[in-house]
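Student: this one's structure only:
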């Protein structure tokens, strides 16, 4: 697989973690120093990966268990050496998010280093 395909695989695992409310998958897809940042309404939300994974794990029953429709769209992927940026649109917790994910390639694996989110609807 090429870099874009590997990044797409990481994006799918990221989405699956949220869709399944899986804390461990969330931790696996993010770098331990990752930050998750964006606005919920007018409130700036800043989380470390541990807090975000905990939040994901508490969304019970999961979207998968509720058999909710899946929405994951990769808008773009740009690779520059061992770094990359992807924009993805997904539905989560009843909202449509446009996420900007930055990636690092570590030991031939692409991992999310930071996430900026914007709520579209």
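Tutor: That came through, no problem. In this text, all values refer to a predicted model and were calculated from it rather than measured experimentally.
Student: contacts and neighbour counts: CA atoms only from here.
Tutor: Will do.
Student: wait, residue 75 sits on residue 89?
Tutor: Yes - using CA atoms under 8 Å, residue 75 is in contact with residue 89, at 7.0 Å.
Student: Name the residue in these two with the higher neighbour count.
Tutor: Using other CA atoms under 10 Å, the more surrounded residue of residue 75 and residue 89 is residue 89, with 20 against 12.
Student: just checking, residue 86 touches residue 74?
Tutor: Yes - contact status for residue 86 versus residue 74: in contact at 7.4 Å, counting by CA under 8 Å.
Student: who has more neighbours, these two?
Tutor: Taking neighbours as other CA under 10 Å, residue 86 and residue 74 compare with residue 86 leading, 21 against 15.
Student: and the more buried one, what is it in contact with?
Tutor: 74, 75, 76, 77, 78, 100, 101, 102, 103 (CA atoms under 8 Å, 6 or more residues apart in numbering).
Student: For it, give its distance to residue 47.
Tutor: 20 Å (CA to CA, to the nearest Å).
Student: list the buried ones in the helix or strand hosting residue 74?
Tutor: Applying DSSP states H and E as the criterion places residue 74 in strand 72-80. Using 16 or more other CA atoms under 10 Å as the test for burial, strand 72-80 gives 72, 77.
Student: average model confidence for it?
Tutor: Strand 72-80 carries an average pLDDT of 97.
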